[in-house]
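Chemist: Below is the structure, and that's it, no one-letter string:
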């Protein structure tokens, strides 16, 4: 069995922990991220070299870094980076076509990268593999409550394993959700089991334009593909869909309320490191801060280096709406954390003003930034640890700890770590425009424009 991990996302639902360039599946709160947990889960069903990952182009190297932290590697043709998000059906079709190229008749389980899933699910997924020979298989979850944030599946005629799907239902209102629960509907988990034969047979029948795009001779023009989910685009039309109810703990962790529900509570229902006085049912995440809550209940308090969220737990689903308001103001706080990961390492913004910005830049051993220039800013570099190889126009020289250099605006420059330990540089940017898009790249080891 192969595994496909869908690792897209725009980082809106758990802001400020998640950002556009660091969505929730990559957040490492108290250990491995949800993405890393999903990779480990996939290795229970597939070899580590049988895992295919679909992600956004901007997350390609974040995926690689987190896989390497687990001690695995991923081949270039197993890491599929979308130039633009097109929802789940194009992403799955791309991965299934890549699998079919390598293994013409194979079965693949499709995992979202940002869910919690209990260990018993592994054996249940494995047991459903014969069902995928003729059917598109989806996995459902028995509802713990009449939740309005999930789609629902109505099981029909029983099969040896699972049931025929009678219908899919979109996210309901609370009254309808209660009726669904009483009638035995399942939550739609977003986990699927697909054989290459069945998948492409059904895709050809119901989405011929997508079938042609991924099986034709011409290269796929991904930007022109219609965004569509596998549920709406394929499963709701096919007559050969089965559902298996997973008897395992599950959560999509789509809101802070969901995080609160799965975490450990104190005797008053509070979650997090804080002092609670006459306070109950609160969720607090504020690493490095001393936090006290007095006389309040049902609050979410999330503090990061550059943003603070306080909301009623019952309205945590509105965080996405709040992020939309910040986006309209053009604020980078929805895109980046103060620490931003890059393929060569990372940088942390220490101070940000309209006319200067201070960063701590960390370059991994043997890695280098692109050969680049900036039109609107100059930069001072000060080496605080390690050795830097610096290119300034046609000149190349080494800088050691305590040494510095100045990069004028318009000057071609490059920073490289030639050593075997991380290079740490303090970068002071000066100028009237300090956004990250003021960059012209001439050479780049990572294929970025």
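Modeler: Okay, I see it. These numbers were taken from a predicted model, which means no experiment stands behind them. Residues are numbered from 1 along each chain as shown.

Chemist: Which of the three states applies to residue 317?
Modeler: When classified by DSSP: H, G, I helix; E, B strand; the rest coil, residue 317 comes out as helix.

Chemist: Pretty sure it sits against residue 255.
Modeler: Yes - applying CB atoms under 8 Å, one finds residue 317 in contact with residue 255, separated by 5.2 Å. For the C-beta atoms, the positions are set from N, CA and C on the backbone; glycine is no exception.

Chemist: Could you pull out the residues contacting both of those two?
Modeler: 13, 149 (CB atoms under 8 Å, 6 or more residues apart in numbering).

Chemist: Compare these two (neighbour count), which wins?
Modeler: residue 255 (21 against 16; other CB atoms under 10 Å).

Chemist: Find the residue closest to that one in space, skipping its chain neighbours.
Modeler: residue 316 (4.2 Å; CB to CB, 6 or more residues apart in numbering).

Chemist: gap between that neighbour and residue 93?
Modeler: 33 Å (CB to CB, to the nearest Å).

Chemist: in what helix or strand does residue 85 lie?
Modeler: If you go by DSSP states H and E, residue 85 is not part of any helix or strand.

Chemist: Need the nearest residue in space to it, chain neighbours excluded.
Modeler: Leaving aside its chain neighbours, residue 85 sits nearest to residue 8 (5.2 Å; criterion: CB to CB, 6+ apart).

Chemist: Just the pLDDT for the one you found.
Modeler: Residue 8 is assigned 92 on the pLDDT scale.

Chemist: Now do the contacts for it.
Modeler: 23, 54, 55, 56, 59, 82, 85, 91.

Chemist: Residue 17 now?
Modeler: 24, 27, 29, 285, 302, 304.

Chemist: closest to residue 46 among these?
Modeler: residue 24 (23.6 Å; CB to CB).

Chemist: And residue 153, how far from residue 45?
Modeler: Counting by CB to CB - residue 153 and residue 45 are separated by 22 Å.

Chemist: between these two, which one's more packed in?
Modeler: residue 153 (27 against 21).

Chemist: And the more buried one, how far from residue 134?
Modeler: Taking CB to CB, one finds residue 153 at 19 Å from residue 134.

Chemist: same check, this time on residue 220
Modeler: Where residue 134 is concerned, residue 220 sits at a distance of 27 Å (CB to CB).

Chemist: Could you give the bridge partners of residue 392?
Modeler: residue 395, residue 413 (DSSP bridges).

Chemist: out of residue 316 and residue 93, which sits in the more crowded spot?
Modeler: Neighbours were counted for residue 316 and for residue 93 using other CB under 10 Å; residue 93 has more, 26 against 22.

Chemist: sorry, back to before: please list all residues in contact with the residue nearest to residue 255.
Modeler: Counting by CB under 8 Å, 6+ apart, residue 316 has contacts 255, 256, 257, 300.

Chemist: Rebuild these as JSON lines, extending it with distance to residue 310 and pLDDT.
Modeler: Output for the contacts of residue 316, formatted as JSON lines (distance: CB to CB, whole Å; pLDDT from 0 to 100):
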{"residue": "255", "distance to residue 310": "15", "pLDDT": "95"}
{"residue": "256", "distance to residue 310": "11", "pLDDT": "97"}
{"residue": "257", "distance to residue 310": "14", "pLDDT": "96"}
{"residue": "300", "distance to residue 310": "7", "pLDDT": "98"}
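
Chemist: can you pick the most crowded of the residues you listed?
Modeler: residue 256 (26 neighbours).

Chemist: And this structure, what are its domain boundaries?
Modeler: 2-251, 256-325, 339-443 (automatic domain parsing).

Chemist: For residue 332, find the nearest of the ones you listed.
Modeler: domain 339-443 (7.8 Å).

Chemist: and that closest one, how far from the chain's centre?
Modeler: From the chain centre to the centre of domain 339-443 is a distance of 27 Å (CA atoms, centre = their mean, to the nearest Å).

Chemist: before we move on, the earlier item: quick one: least confident of the contacts of residue 17?
Modeler: Per-residue pLDDT puts residue 29 lowest of the contacts of residue 17, at 87.

Chemist: What is the neighbour count of it?
Modeler: Neighbours of residue 29 (other CB under 10 Å): 12.

Chemist: How about residue 435?
Modeler: 11.

Chemist: Next one: the closest residue to it other than its chain neighbours from residue 155, what distance?
Modeler: Among residues not flanking residue 435 along the chain, residue 332 sits closest, at 7.8 Å (CB to CB, 6+ apart). Remark: distance between residue 332 and residue 155 (CB to CB) = 46 Å.

Chemist: More neighbours: those two, which one.
Modeler: Higher neighbour count among residue 332 and residue 155: residue 155, with 21 against 17, using other CB under 10 Å.

Chemist: right, and the more buried one touches residue 183 too?
Modeler: No - using CB under 8 Å, residue 155 is not in contact with residue 183, being 9.9 Å away.

Chemist: returning to what we had before: mark which of the contacts of residue 8 are part of strands, please.
Modeler: 54, 55, 56, 82 (DSSP state E).

Chemist: Farthest-apart pair in the residues you listed, please.
Modeler: Taking CB to CB, no two of the ones in strands among the contacts of residue 8 sit farther apart than 54 and 56, at 8.9 Å.

Chemist: Looking at those two, which is more packed in?
Modeler: Higher neighbour count among residue 54 and residue 56: residue 54, with 26 against 20, using other CB under 10 Å.

Chemist: Confirm that residue 290 sits in a strand.
Modeler: No - looking at residue 290 with three-state DSSP, it is coil, so not inside a strand.

Chemist: Can you read off the backbone torsions of it?
Modeler: phi -90, psi 120 (degrees, to the nearest 10).

Chemist: give the contact list for the residue lying closest to residue 343 once chain neighbours are set aside.
Modeler: Excluding its sequence neighbours, the residue lying closest to residue 343 (CB to CB, 6+ apart) is residue 61, at 3.6 Å. Contact analysis of residue 61 by CB under 8 Å, 6+ apart lists 341, 342, 343, 446.

Chemist: mind running it again at 7 Å?
Modeler: 342, 343, 446 (CB atoms under 7 Å, 6 or more residues apart in numbering).

Chemist: pretty sure the second one is touching residue 446, no?
Modeler: Yes - proximity of residue 343 to residue 446 meets the contact threshold set by CB atoms under 7 Å, at 4.5 Å.

Chemist: okay, these two: which has more neighbours?
Modeler: Neighbour comparison, residue 343 and residue 446: the larger count goes to residue 343, with 19 against 14 (by other CB under 10 Å).
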